[in-house]
Structures are given as C-alpha cells and as structure tokens.
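> Predicted structure and sequence below. I'll ask about it afterward.
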Amino acid sequence: QLQLVESGGGLVQAGGSLRLSCVASGRTRGDFAMGWFRQAPGKEREFVAAIPWSESRTYYSDSVKGRFTISRGNDRNRVYLQMNQVKPEDTGVYHCATTYATRWLETAKYDSWGQGTQVTVSS
C-alpha cells in the first residue's frame, strides 16, 4: 500500500476557497488513480472527485461539480483539490485515496487512504 498525507484543510467562510493537497509515497505496483472523499459527522464517507493516471478526464460528484477541481502534480504522486464557492455542507474530513482499479467512483475500490484533513465552512 501507498502512504498518503493530506494538507491544506482549515476554516473558511461560505463562498470562499481552499486548496487541498495530498502526496503519495511508497512502492507502487503500477499506474494508479487518485481520488478525494469526504466524511461529515454522523454520515458515511462519500466520493468527491477522482482523476486517473492518464488524466484523460476527471470525475466529480454532483454536489461539487462546477465548484471543485481535481488535478495531479507533474510527478503524478500528488493530487490537489481546488475548492471554490464552498458551502457549509462541504464541511467534513477530506481524505485522499489511490486505486489501481478503473472503477474510480467506488469507495470500495480504493486501497490506500490518508488520515484526512478537516475542512470547516462557516455560514
């Protein structure tokens, strides 16, 4: 498994912006997609965005489409989540994860996870 470390979380006012980062390290066994997930208190972890190794396209949940942008660093071991026009319902712990599978929208297909970074959006 890869080791993942997220950063960039914090407190932001509704309508503001935040940029999350995640770096992966360790031994890989091939090309991997990277994704962002979030978990609000009392709720299940939910998919936010994903980007495959080839960066051929990106995937977003309906709740963040048009506001968030996922991208990968040049070394492919970093992933970013640019969060614009944030809303109070975006509050939660954001985790990055990696998968060698191609079903990038499915939480269960991800096998390495970071500890998460807290994002709190005030109204």
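Thanks, I have it.
> Surely residue 53 is in contact with residue 31?
Yes. If you go by C-beta atoms under 8 Å, residue 53 and residue 31 touch, sitting 3.7 Å apart. The C-beta positions use only the backbone N, C-alpha and C, and glycine is treated the same way.
> Which of these two has more residues huddled nearby?
Higher neighbour count among residue 53 and residue 31: residue 53, with 14 against 10, using other C-beta atoms under 10 Å.
> List the contacts of that one.
31, 32, 33, 76 (C-beta atoms under 8 Å, 6 or more residues apart in numbering).
> What distance do you get for it to residue 27?
16 Å (C-beta to C-beta, to the nearest Å).
> before we move on, what about residue 1?
For residue 1, the distance to residue 27 - C-beta to C-beta - is 9 Å.
> More neighbours: which of the two?
Higher neighbour count among residue 1 and residue 27: residue 1, with 11 against 7, using other C-beta under 10 Å.
> from the chain's centre, how far out does stretch 34-49 sit?
Centre-to-centre, stretch 34-49 and its host chain are 8 Å apart (C-alpha atoms, centre = their mean, to the nearest Å).
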